[in-house]
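Participant: Show me the folded form of this:
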Amino acid sequence: MSAKTKSAVQLPPFYESVLTELRKRQEAVALGGGAKAIEKHKEKGKWTARERIDYLLDDPAGAIEVGALAADGMYAEHGGCPGAGVVVKIGQVAGRHAIIVANDATVKAGAWFPMTGKKNLRAQEIAMENRLPIIYLVDSAGVYLPMQDEIFADKEHFGRIFRNNAAMSSMGIPQVAAIMGSCVAGGAYLPIMSDEAFIVEGTGSVFLAGSYLVKSAIGETIDNETLGGATTHSEISGVTDYKMKDDRECLDTIKSVFGKMGHFPTAGFDRAAPAAPEYATERIFELLPQDRAKPYDTYELLKCIVDKGSFDEYKALYGKTLITGYARIDGWAVGIVVNQRQIVKSKKGEMQIGGVIYSDSADKAARFIMNCNQKRIPLLFLHDATGFMVGSRSEHGGIIKDGAKLVSAVANSVVPKFTVVMGNSYGAANYAMCGKAYDPRFIFAWPNAKIAVMGGEQAAKTLLQIQTAGLKAKGQQLSPEDEAHLLHDIKSKYERQTTPYYAAARLWVDEIINPADTRRAISMSIEAADNAPVEKFNVGVFQV
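Facilitator: Numbers count the residues shown, from 1 in each chain. So this is what the prediction gives:
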């Protein structure tokens, strides 16, 4: 997804600057290793990773990008790793949905950093969950050796990728690999464990050990092309299936092969003729306050997202700090769970704080999720929550028990779940609203989102209290000036860690999107998820 949507209305200055920042970061990532690295890459007769992907796609503009900002701000001591050195997009190839994973050889020769491995595993996870064929465009120097201890040996490190190759094969998910550059050491297993392997003459090579290592290990002198080039593996070893003269022929042949692939069963999610929302999507910026602590009417915000006239609210008069209901987005039927940010009255007439989940709201949402599973309706969670209600009244009323019901319903849901972090996503509300730990098929964030255990102000004051108490125990005491300075330092560090960019860099969210693109992102996500049949929901619906 992209932040490049042109607004039909004049944006408030704050959101104009927020979207400008997002665009700048996306444009920087799109350059990979930079203009000079791209020039050197093309001198070898190779296309860039993004050019290869866009050529494969039927409609490049209609693709979903995953993890564009992965590793953003990380690995500075190693010169950085834009996009984690790999580009991942979901779109249609010859009329079939597919996920494409392309090493970006302009970034450290396509070497694998820890986040490169995590991003590749996320791509494979998406392929398995949504039964999407996967295309690997391989052009990598292998593991980044200075950080080998963080990428090589653990359960979700480099080797897990080849385990997933085998698992996807057993699941009947088509895998195609094109060796368009280097493919060395353990990485050589990825293309060869795919169903079919293509190799480009003159640029593609695959071997367990390159010529230098062969020389040092066994004393044999040989060049890389003879050792593992296109001719060797297409005519002698039989390791690869197709020998291609250049990138274009390779990609054209992949499209031709894909076009002959059969069609698989789908989930059959309901889609009607799309209708525009009641409000222009850009009106989101007028409705959403810059101050994340201020309330707003979420019902108004929904009118910018759902198809006009399609929203059927469930239990409208009960549990009012969570809004639940059936709707359509770009024609697709969805069940929506969204935090209401206005202060509302409970069924007992008590005032309830907006954005906080109360016991009655948790009960309502848990049952609604069960109903969506019974009806085979995908679920959309829209976060702007500061957490569950605390205090003696809530604890005595069983808030933990009611929260556990909601978390359990989210965890056991079998229909696809999609998550958009619109604002705050704090504490256990992140879990209850299907945060990353609860397996959303796709999770997006708006550029004003905040993801943390609690808000920065509360966290800073709590941490300050702990530190000052520790000093007092040692007979020390801070001056008011020192205390204010420490509070500022703690809050600044904490706030940096709550930004959506911090989350996107670590793949806690798949992508940061322009809020005006939310409908498009959800529609495309449901379309991708429709490729995977839904298993039977094995819990009956009951009043919780």
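Participant: Regarding the residue of the chain most remote from its centre, what is its secondary structure?
Facilitator: Taking C-alpha atoms, centre = their mean, the residue of the chain most remote from its mean C-alpha position is Gly475, at 48.2 Å. Here Gly475 is recorded as coil under DSSP: H, G, I helix; E, B strand; the rest coil.
Participant: how about it, what does it touch?
Facilitator: Remark: with contacts taken as C-beta atoms under 8 Å, 6 or more residues apart in numbering, Gly475 is in contact with nothing. In short, each C-beta sits where N, CA and C put it, glycine included.
Participant: Phi, psi for it please.
Facilitator: Per-residue torsions, Gly475: phi 80, psi 20 (degrees, to the nearest 10).
Participant: could I get stretch 119-134 in CSV with only the CA atoms?
Facilitator: Extracted in CSV, the C-alpha atoms of stretch 119-134 (Å, rounded to 0.1, in the frame of the first residue of the first chain):
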residue,chain,number,x,y,z
LYS,A,119,10.3,-10.7,6.6
ASN,A,120,10.8,-13.8,4.4
LEU,A,121,9.1,-16.0,7.1
ARG,A,122,6.2,-13.5,7.2
ALA,A,123,5.8,-13.8,3.4
GLN,A,124,5.7,-17.6,3.7
GLU,A,125,3.2,-17.3,6.6
ILE,A,126,0.9,-15.2,4.4
ALA,A,127,1.3,-17.8,1.6
MET,A,128,0.3,-20.7,3.9
GLU,A,129,-2.6,-18.9,5.7
ASN,A,130,-4.1,-17.6,2.5
ARG,A,131,-3.1,-20.6,0.2
LEU,A,132,-1.3,-18.2,-2.2
PRO,A,133,1.2,-19.5,-4.7
ILE,A,134,4.6,-18.0,-4.0
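Participant: Buried residues, it. List them.
Facilitator: By 16 or more other C-beta atoms under 10 Å, the buried positions in stretch 119-134 come out as 119-124, 126-134.
Participant: With stretch 40-58 instead?
Facilitator: 41, 46-57.
Participant: Kindly present the residues you listed as CSV, with separate columns for secondary structure, distance to Tyr15 and pLDDT.
Facilitator: Shown next, in CSV, are the buried residues of stretch 40-58 (DSSP: H, G, I helix; E, B strand; the rest coil; distance: C-beta to C-beta, whole Å; pLDDT from 0 to 100):
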residue, secondary structure, distance to Tyr15, pLDDT
His41, helix, 36, 96
Lys46, coil, 39, 96
Trp47, coil, 36, 97
Thr48, coil, 32, 97
Ala49, helix, 31, 98
Arg50, helix, 27, 98
Glu51, helix, 32, 98
Arg52, helix, 34, 98
Ile53, helix, 30, 98
Asp54, helix, 29, 98
Tyr55, helix, 34, 98
Leu56, helix, 34, 98
Leu57, coil, 30, 98
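Participant: of all those, which comes closest to Asn224?
Facilitator: Checking these against Asn224 by C-beta to C-beta gives Lys46 as the nearest, at 15.5 Å.
Participant: Leaving out sequence neighbours, find the closest residue to the closest one.
Facilitator: Of all residues not flanking Lys46 in the chain, Thr203 sits nearest, at 5.6 Å (C-beta to C-beta, 6 or more residues apart in numbering).
Participant: Any regions of the stretch 401-544 of the chain where pLDDT drops low?
Facilitator: Scanning the stretch 401-544 of the chain with the threshold set as pLDDT under 70 gives 456, 538-544.
Participant: Equivalent analysis for the chain, please.
Facilitator: Under the criterion pLDDT under 70, the flagged ranges of the chain are 1-9, 186, 396, 456, 538-544.
Participant: hmm, try it at 50
Facilitator: Low-confidence regions of the chain, defined here as pLDDT under 50, cover residues 1-7.
Participant: From Ser425, how far off is the residue farthest from the centre of the chain?
Facilitator: Gly475 is 41 Å from Ser425, where distance means C-beta to C-beta, to the nearest Å.
Participant: what's the answer for Arg393, then?
Facilitator: Using C-beta to C-beta, Arg393 is found at 25 Å from Ser425.
Participant: what kind of secondary structure is Leu227 in?
Facilitator: Three-state assignment for Leu227 (three-state DSSP): helix.
Participant: Surely it and Tyr212 touch.
Facilitator: No: with contacts counted by C-beta atoms under 8 Å, Leu227 stays clear of Tyr212, the gap being 10.5 Å.
Participant: With neighbour numbers in mind, choose between the two.
Facilitator: The neighbour comparison of Leu227 against Tyr212 (other C-beta atoms under 10 Å) goes to Leu227, with 18 against 9.
Participant: show me the contacts for the more buried one.
Facilitator: So Leu227 contacts 205, 207, 210-211, 214 (C-beta under 8 Å, 6+ apart).
Participant: Tell me which of the residues you listed fall in helices.
Facilitator: Among these, the members found in helices (DSSP state H) are 211, 214.
Participant: Among the contacts of Leu227, which one has the most neighbours?
Facilitator: Ranked by neighbour count (other C-beta under 10 Å), the contacts of Leu227 have Ser205 at the top, with 25 neighbours.
Participant: before we move on, back to that, turn the contacts of Leu227 into a markdown table, columns for distance to Phe264.
Facilitator: Listed next are the contacts of Leu227 as a markdown table, based on distance: C-beta to C-beta, whole Å:
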| residue | distance to Phe264 |
| --- | --- |
| Ser205 | 34 |
| Phe207 | 35 |
| Gly210 | 39 |
| Ser211 | 42 |
| Val214 | 43 |
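Participant: which of the contacts of Leu227 lies closest to His485?
Facilitator: The closest of the contacts of Leu227 to His485 turns out to be Gly210 (C-beta to C-beta; 53.7 Å).
Participant: Was I right to think the closest one contacts Val184?
Facilitator: Yes: assessed by C-beta under 8 Å, Gly210 is found in contact with Val184 at 5.8 Å.
Participant: which residue ranges form the helices in the stretch 151-300 of the chain?
Facilitator: With DSSP state H, counting those that start in this stretch as the criterion, the stretch 151-300 of the chain has helices at 159-171, 189-192, 211-218, 224-228, 230-231, 247-259, 284-287, 298-302.
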